[in-house]
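J.: sharing a sequence plus its predicted fold:
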Amino acid sequence: MKTQKLIFALVFAAASTLMSCQRDNDPSTDNFRSAKDDATAENMFDDVLKQASDGMLLAEDSTAGNKDMYSPLAGGCATVTIAPFDLTTFPKTITIDFGSTNCLGNDGRNRRGVIEVVTTGWYRDSGSVISVTPINYFVDDNQVQGNKTITNEGRNNAGNLHYGIEVNGSVTTSEGIITWTSDRDREWIEGESTIFNPWDDVYLITGTASGTNVQGEAYTVTILTPLRIQFGCRWIEAGSLKIESGGNEIVVDYGSGACDATATVTINGNTYTISMM
């Protein structure tokens, strides 16, 4: 039986909400709106990918007869159905249902609603295309809508599996609606061989994103140096990105490899140290 360890999302890190800077009365801090909303959008859609990835792993283990091999999603909140229920028939639809009322997961997040996954193959199969659609899906009362497409691009010149990730969607928060599109490449650089241990998985993320913040202002995001993501760390360990919005340029630098909540932000020539939640 071929058990597949799936790539896990940028669950925490780049998607973490930027908190207040050194001086609350600095007028430039108003320009963090786009950075904050982009972080929220990344956070929500990375959650969708994480749940979809976990659901696919559970689906494969279940269809192979290993129902106890993988723990239930989000602390037992979700019910997973697989159609058709076998290892070889594709396309396959995997439905991850968190119910109609909030359920507190083992990661401290409340979820409700459904994530539907339609896939042409298992995650590690070259050429597989996986379409992920949230249906009336909420994370901590933020509604996530749209579509996320993951394409297994095979192995790159370094011999690593890499995936194209495209997102077109929106997040409705208590403050308003964030629209978000993203085109990224995710390279799996460490941990692929340790099938039963996702905690040592490390990825490098490159690419771009764009959207509008809750105030209707457009912004773009460009990854300047690859973002290093380790599943066992809550935050981005290294890398940098640039956010352009309203004539302002914001550069966020996550450091050079430490697993901590500290990053630096440079805007209009001023540099601030921030803490990510």
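T.: Yep, it's here. Numbering: from 1, shown residues only.
J.: please count neighbours and contacts with C-alpha atoms only from this point.
T.: Noted.
J.: tell me how far residue 233 lies from residue 156.
T.: 25 Å (CA to CA, to the nearest Å).
J.: and residue 7, what's its pLDDT?
T.: If you check residue 7, the pLDDT there is 26.
J.: what about residue 58, how many residues nearby?
T.: Neighbour count of residue 58, defined by other CA atoms under 10 Å: 26.
J.: got the buried residues for the strand or helix carrying residue 55?
T.: Assigned by DSSP states H and E, residue 55 belongs to helix 32-63. For helix 32-63, the buried set under the neighbour-count rule, 16 or more other CA atoms under 10 Å, comprises 32-62.
J.: quick check: end-to-end length of stretch 86-94?
T.: For stretch 86-94, the end-to-end distance is 12 Å (CA to CA).
J.: now do stretch 252-270
T.: Using CA to CA, the two ends of stretch 252-270 sit 12 Å apart.
J.: mind listing residues that contact that stretch?
T.: 28, 228, 233-242, 248-251, 271-277 (CA atoms under 8 Å, 6 or more residues apart in numbering).
J.: coming back round to it: of residue 233 and residue 156, who's got more company?
T.: The neighbour comparison of residue 233 against residue 156 (other CA under 10 Å) goes to residue 233, with 18 against 11.
J.: for the more buried one, what are its contacts?
T.: residue 259.
J.: low-scoring pLDDT stretches of the protein, where are they?
T.: Applying pLDDT under 70 to the chain picks out residues 1-31, 65-75, 195-199, 232, 234, 276-277.
J.: residue nearest the centroid of it?
T.: residue 46 (1.8 Å; CA atoms, centre = their mean).
J.: now that residue: how far from residue 53?
T.: 10 Å.
J.: I'd say residue 250 and residue 242 touch.
T.: Yes. Counting by CA atoms under 8 Å, residue 250 touches residue 242, with 5.6 Å between them.
J.: out of the two, which sits in the busier spot?
T.: Using other CA under 10 Å, the more surrounded residue of residue 250 and residue 242 is residue 250, with 23 against 20.
J.: contacts only, for that one.
T.: 35, 242, 243, 244, 265, 266, 267, 268.
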